[in-house]
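Novice: A structural model of the following input is requested.
(one chain, ligands or ions: 1)
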Amino acid sequence: MDAIQSLAPNRLLKVMRTDANIARMKLTSWMTIALLNLILAAPVRAGRPTDDSDLSGNSARLHSDSTLAPSLDLKPDASDRSQIDTGAELRVELLRRDGAALPVAGLTLHAGDLEITTDSTGTARISECAPRATYRLQTELTHSRIRVTDGSSPYRFRTSIDCGTRTVLQFTEAGDSGQALAIWRIAHLGLTKLESAIGLNFWNKPIEFIWPEDGDYYSFGTVHISRGDHWDVVGHEMGHAIYDLGRLGAFGGGSHKIDECYSEALALSEGWASYFSAWLSVAIDDADAQFEYMVPRRAPLRFENVPLDVCNGPTNEWRVTSFLWDLIDRSDDGEKSEESFAMLWRALQGTRTSGIRSAAGLIERAGFSKEWLSLIWDLNFRTPRAPTIP
Ligand SMILES: [Zn+2]
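Specialist: Coordinates of the predicted model:
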């Protein structure tokens, strides 16, 4: 089923159900069909909806065990207070299901004129304070380039910290509050990594992350998320937004199943989005690199070694991901991999290239060794690399 056929009618129906006027409903229905025909007849351009229902699986329909929409005011699942010698500290953490605590960076907290931001350890500090002073801090999940919202307003929370104490707030990653922060964590990680690798000049429009949604997709500058704790799917959907901002390649239309072949444009846009998610969250020297939640029927999804039953050639997205990953993971030195990410980015930026064959041509032209490129191509696509002119 086409992306738009599978997404838009559901969303429009929701709007229609709230309309009591049957005559208007009929008109809306007719207009919907006319609009869909128009959209379907047009070639798929940048920013058009992507349908990632295969990617996020059936669990996409549930944001948690609760059927209620989560509150905009996030609440920690646990908090802890301890004494420190000087100043006051707040640490924000996400508790993963395996027990690991992940720091939440980039949260800017305000108390009157005071402004502090959590660092890479999730900690914000007030270095000097008066004994017994209390600071009522508040924050919103917003930044000039990223926002996590319920579709209208950003999520937020308030907390108080006392001078001479360290307060640790823990949010369960899969919980109703934790999922919003988990999306923030990935979005801010993307911001930080991109800033360090390529700079942020290309990122000229903010990306809104809306949660909870019925499905996972990217559409016209907005990322829609069903499960905030599914880090690999969140990274993939953010990848679509970044690919669009960087004008790296074409967007393909239609539905996609990760083990099948379709158009080269669709395989490139989907494969690049997963490669971006991997670059954000997976260790570059991981010999068995894999996603955790993506495509539940095939999880965990391994992309260092693609299974043999997956369709061969440059029109398969899984192989595009593993090919791009292989281009940057040749060295287990983290800095070199960052240089390679930047090199691939610069080769493709602004080109809106049509598929991975033309992308490989551009990467070769940018200085990547032809021998290595061809070897990595053969290993991943299992089809010969035909010479192409980008
Ligand atoms: Zn996608």
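
Novice: Please list the residues of the stretch 201-350 of the chain that sit near the ion.
Specialist: With CB under 5 Å from the ion as the criterion, the stretch 201-350 of the chain meets the ion at residues 270, 273. C-beta coordinates here come from the backbone N, C-alpha and C atoms, glycine included.

Novice: got the CA coordinates for stretch 272-291 in CSV?
Specialist: Output of stretch 272-291 as CSV, limited to C-alpha atoms (Å, rounded to 0.1, in the frame of the first residue of the first chain):
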residue,chain,number,x,y,z
TRP,A,272,20.2,6.4,4.8
ALA,A,273,17.7,7.1,7.7
SER,A,274,18.7,3.8,9.3
TYR,A,275,22.4,4.5,8.8
PHE,A,276,21.9,7.8,10.5
SER,A,277,20.2,6.1,13.5
ALA,A,278,23.1,3.6,13.7
TRP,A,279,25.7,6.5,13.6
LEU,A,280,23.9,8.2,16.5
SER,A,281,23.6,5.2,18.8
VAL,A,282,25.7,2.2,17.8
ALA,A,283,29.4,1.8,18.6
ILE,A,284,31.4,2.1,15.4
ASP,A,285,33.6,-0.9,16.3
ASP,A,286,30.7,-3.1,17.2
ALA,A,287,31.4,-6.4,15.4
ASP,A,288,27.7,-7.4,15.5
ALA,A,289,26.1,-4.0,15.0
GLN,A,290,22.3,-4.3,15.4
PHE,A,291,19.1,-2.4,16.0
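
Novice: Q290 contacts P307, correct?
Specialist: No: look at Q290 against P307 with CB atoms under 8 Å: they stay out of range, at 11.6 Å.

Novice: the more surrounded of those two?
Specialist: Using other CB atoms under 10 Å as the criterion, Q290 and P307 rank with Q290 on top: 16 against 10.

Novice: Show me what secondary structure element comes after the strand or helix carrying F323.
Specialist: If you go by DSSP states H and E, F323 is part of helix 317-328. Past helix 317-328, heading to the C-terminal end, the next element that is a helix or strand (DSSP H and E) is helix 334-348.

Novice: distance between the ends of stretch 151-170?
Specialist: Taking CA to CA, to the nearest Å, the first and last residues of stretch 151-170 lie 25 Å apart.

Novice: Now do the buried residues in it.
Specialist: Neighbour counts over stretch 151-170 (16 or more other CB atoms under 10 Å) mark 154-157, 159, 161-164, 166-170 as buried.

Novice: Likewise for stretch 304-311?
Specialist: Those would be 306, 310-311, for stretch 304-311 by 16+ other CB under 10 Å.

Novice: picking up where we left off before, run the angle between the helix holding F323 and helix 334-348 for me.
Specialist: 120 degrees (axes from the mean of the first three to the mean of the last three CA atoms, to 10 degrees).
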